[in-house]
Structures are given as structure tokens and as C-alpha cells.
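Asks: Sequence and predicted structure, then a few things I'm wondering about:
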Protein chains: 2
Amino acid sequence: MSKGERTRQQLIEKAAGLFNQRGYEATSIADVMAATGLQKGGVYRHFDSKEELTLAAFDYAVGVMRERFVDALSRVSEPVDRLRAIIKVYERIPLDPPVPGGCPMLNAAVEADDTNPLLRQRAVSVMDDMRRVIKRAVRDGVQAKTIQQHVAPDTVAVVFICTLEGAIMMSKLYGNQSAMRLAVRHLEQYLESIMAA
Amino acid sequence: MSKGERTRQQLIEKAAGLFNQRGYEATSIADVMAATGLQKGGVYRHFDSKEELTLAAFDYAVGVMRERFVDALSRVSEPVDRLRAIIKVYERIPLDPPVPGGCPMLNAAVEADDTNPLLRQRAVSVMDDMRRVIKRAVRDGVQAKTIQQHVAPDTVAVVFICTLEGAIMMSKLYGNQSAMRLAVRHLEQYLESIMAA
């Protein structure tokens, strides 16, 4: 990596933490300059606009999250184990977020839904990917007869994501894992309830 | 209501919609002035600081939400029906939010967890109230033997809130009710599963 590439990468990482904690709109370029020690020209050498930096930072944060899922899913092969692995990756987010501030998809979704169409589109596409991963595991489980035949893959995907993202919100609000632990136990029971006998 | 009181009330209502859509930190007093047609002096006649306006606007938005719950709960008395009524009130939020921008508790929680201790404290206290209402219904149901004896009230409260707030996030992100509908169906089945036979 050249020095310029390293600076660009550090800029994205720092900005991702700021945006994810304080919000994309609430964080100014001056905040990014203060956090990175770069001058304005140093920031704009790498990004033409704050918007471009915003999207690069979101993509970076999501990329860290994605690596965790890929890594966890590479260790298991049975469909039900893949679903359990997804729960485990989520469970860790409030305690050990991919970048400071919690789940980048949750934060971007809640911030962007009414105000930032480009960031919202990015969040939709990440959410779609997450749903696909869960749906595929459910479909494979149905085919392998470890999950009951009548179970609708997208229902499982939505129930998982709603419950886990809501639990991240609650656990971060209270500053402890107790909501997340209850949510995880609930999903484990839900998973039992859809497994084939 | 005096003219001054009316102006103050309109200011709070407009600000609540702006804050709930764009975020508390991302919305400036200039944005509030533009939305209300008030001059800076007109805003600061009623509030000493943006922070004071922020908290008044959050309390107002939560108050509208609370009225919906009080109204829905006044129409039913059986504990299980109270739980169903709570689900129904949540189900309506993405389509018809109490103030523009969705659920004020979700938005404030996600924004304030890392950055705004006072707003965060307000969100915690609203969350605690919501948990209490659900826990009381579960306890009453256990006592009335319509809910199984082993069911832990706080588990139900956390499962309800995580699932429904997560569903608001998803439904608002996609701009449709499909995630919310799946989440509601899931909670109705969960409710069936904890009811006494």
C-alpha cells in the first residue's frame, strides 16, 4: 500500500466510527479533520465530497461486518448451524461492534430512511444480502429435511433481523447485554420450533 | 391557550417532526426557524437552548405515542387482549407515525446511545415504561391463568419490543409494511405459545 492509500484507508476507518456513532449528517468534515489530524485539503484529496466519504465509510463498516459473517459461516455447514452462527455474530455486536457505534446497517437505516436516499439505498442492499443469506440457509434446511417443510424462508429472515437489530438497539441503549441475551434465547427457541422432529 | 402558548405548542410539534426525521443533532435551529416561520428570537423566547427544545420535542412525540397506547388499552381488559392491543399500536407506526419519522423511542435510542446522555436517559425512561406495561399484562395473565405459569414477564417485554422496533426499522427502510406484517404474525404465534391451554 502506498502512503496515499494508507492515509485514505485510515481516513475511511476513522470516519466510519464517527458516522456510526454520531450520525452521517451530524458529523461534519471538521469533525473528521479533528479525528484524523488531516487538513481539509487532505480529506478532499481522497474524496470529492462528504457524500462520497459517507458512502465509502458505510461500505467499509459493512465490509467488517460481512467478514465476521463469512468467517463464522465458513466454520459450519449444516443449515441449522449456519442460522445459529448468524445469531452468534449478531450477539457480539453491542459488546464488540465492527466499528464504534454498533450495527452500521441499523444506524444507517434509522438515519437515512426519511432523509438520505443514497445511503438508504445502500442500507437496503445490505439488508437484502442479509435476508438472502438467512433464506438460503432455511431453504437448504428444508431440502435437507432438518427444517420443517412449511417454513417460509423470508419469514425466518425477517424475524431474525427484526429481533436481533431491535436487541442491538435495546442493549446499546441500556449499555448492557441483557436484552440481547433474552432475544438470543427467544430466537434459539424459535429455531427449535421450526426444526424437523 | 394564550397566543404565546399556542406558538410554543406549534414550535414543539414542528420541531418534533424535524428531529424525529432528520435527527436531533443534524437538525439546526435554522431548520426549525425555516419550518415554523419564527425568527431566532421567537424560538429562544420559548426555549433557553436547543437542548431544552430537543427534550420538549421528544417528550411531545412520546406523549402522542403514549396516548395511543392508553386509548388502545382502555378498550380491553383481559391481559392477553392487552398484549394484542400493544402489538396493534406498534403495527400502525410505520404507516401512520405519531409524528413524522416513525417511532420516537427508536430514533432517539439509536441516535443518543453514543452521544447524547440527556436524550438517552429520556429514551431509557420511556423504554422502561413500555416494559412495565407489557410486564404487568403478563403478570396479570399468569395470575388469571390465561398465560402459562413459567413465563417470565420481562422476557415477553423484551421480545415484543425488540421484534416490533426492529420491524419498524425494516418497514421504514423498505417503505412498505411487509416486514411489520411478518413480525406481527410471529408475535401472535409467540403469544399463542405462552398462553395457557
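Replies: Cool, the structure landed. No experiment lies behind these values; they were computed from the predicted model shown. Numbers count the residues shown, from 1 in each chain, chains lettered A, B, ... in the order given.

Asks: Just the pLDDT for residue A:35.
Replies: On the pLDDT scale, residue A:35 is placed at 95.

Asks: ok, so what distance separates residue A:66 from residue A:166?
Replies: 21 Å (CB to CB, to the nearest Å). Every residue, glycine included, has its C-beta placed from N, CA and C.

Asks: Show me which of the two is the more surrounded one.
Replies: Set side by side, residue A:66 and residue A:166 show more neighbours around residue A:166, with 29 against 16, by other CB atoms under 10 Å in any protein chain shown.

Asks: what's the neighbour count on the nearest residue to residue A:61 once chain neighbours are set aside?
Replies: Excluding its sequence neighbours, the residue lying closest to residue A:61 (CB to CB, 6 or more residues apart in numbering or on different chains) is residue A:104, at 3.7 Å. Using other CB under 10 Å, residue A:104 is surrounded by 27 other residues.

Asks: dump the residue contacts of residue A:97.
Replies: A:20, A:103 (CB atoms under 8 Å, 6 or more residues apart in numbering or on different chains).

Asks: so where do the helices sit in chain A?
Replies: Assigned by DSSP state H, chain A shows helices spanning A:3-22, A:29-36, A:40-46, A:50-74, A:79-92, A:104-112, A:117-143, A:153-174, A:178-194.

Asks: Quick one: residues contacting the residue nearest to residue A:61.
Replies: A:16, A:20, A:58, A:61-62, A:65, A:98 are the contacts of residue A:104 under CB under 8 Å, 6+ apart.

Asks: Compare the residues you listed and tell me which is most surrounded.
Replies: For the contacts of residue A:104, neighbours tallied by other CB under 10 Å; top is residue A:61, 29 neighbours.

Asks: quick one, what contacts the nearest residue to residue A:145 once chain neighbours are set aside?
Replies: Residue nearest to residue A:145 in three dimensions, not counting chain neighbours: residue A:196, with 5.5 Å by CB to CB, 6+ apart. For residue A:196, the contact set (CB under 8 Å, 6+ apart) comprises A:145-149.

Asks: with the residues you listed in mind, which one is nearest to chain B?
Replies: Proximity of these to chain B (CB to the nearest CB) peaks at residue A:148, which lies at 13.5 Å.

Asks: picking that back up, of all the helices of chain A, which lies closest to residue B:54?
Replies: helix A:3-22 (14.8 Å; CB to CB).

Asks: Quick one: low-confidence residue ranges for chain A.
Replies: Nowhere does chain A drop to pLDDT under 70.

Asks: so how far is chain B from residue A:66?
Replies: To chain B, residue A:66 is 18 Å away according to CB to the nearest CB, to the nearest Å.

Asks: before we move on, back to that, any chance of the helices of chain A in a markdown table with distance to residue B:70 as columns?
Replies: Shown next, in a markdown table, are the helices of chain A (distance: least, CB to CB, whole Å):
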| stretch | distance to residue B:70 |
| --- | --- |
| helix A:3-22 | 34 |
| helix A:29-36 | 41 |
| helix A:40-46 | 50 |
| helix A:50-74 | 39 |
| helix A:79-92 | 34 |
| helix A:104-112 | 26 |
| helix A:117-143 | 33 |
| helix A:153-174 | 23 |
| helix A:178-194 | 24 |
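
Asks: Show me the one of the ones you listed that comes nearest residue B:88.
Replies: So among the helices of chain A, helix A:153-174 is nearest, using CB to CB, at 16.7 Å.

Asks: okay but residue A:144 is in contact with residue A:77, surely?
Replies: No. With contact defined as CB atoms under 8 Å, residue A:144 does not reach residue A:77; the gap is 10.3 Å.

Asks: okay, those two: which has more neighbours?
Replies: Shown here are residue A:144 and residue A:77; by other CB under 10 Å, residue A:144 has more neighbours (12 against 9).

Asks: who touches that one in this structure?
Replies: A:78-79 are the contacts of residue A:144 under CB under 8 Å, 6+ apart.

Asks: ok, 10 Å please
Replies: By CB atoms under 10 Å, 6 or more residues apart in numbering or on different chains, residue A:144 lies in contact with A:78-80, A:196.

Asks: That one and chain B, how far apart?
Replies: For residue A:144 relative to chain B (CB to the nearest CB), the value is 23 Å.

Asks: Return the backbone torsion pair for that residue.
Replies: The phi and psi values for residue A:144, taken as degrees, to the nearest 10, are phi -80, psi 0.

Asks: mind checking how far it is from residue A:156?
Replies: Distance from residue A:144 to residue A:156, by CB to CB: 15 Å.

Asks: what's the neighbour count on residue A:89?
Replies: 17.

Asks: swap in residue A:88?
Replies: As a burial measure, residue A:88 scores 11 neighbours (other CB under 10 Å).

Asks: correct me, but it touches residue A:184?
Replies: Yes. With contacts defined as CB atoms under 10 Å, residue A:88 counts as touching residue A:184 at a distance of 8.3 Å.

Asks: And for residue A:96, the neighbour number?
Replies: For residue A:96, using other CB under 10 Å, the count is 8.

Asks: OK, contacts around it?
Replies: Contacts here follow CB under 10 Å, 6+ apart; on that basis residue A:96 touches residue A:68.
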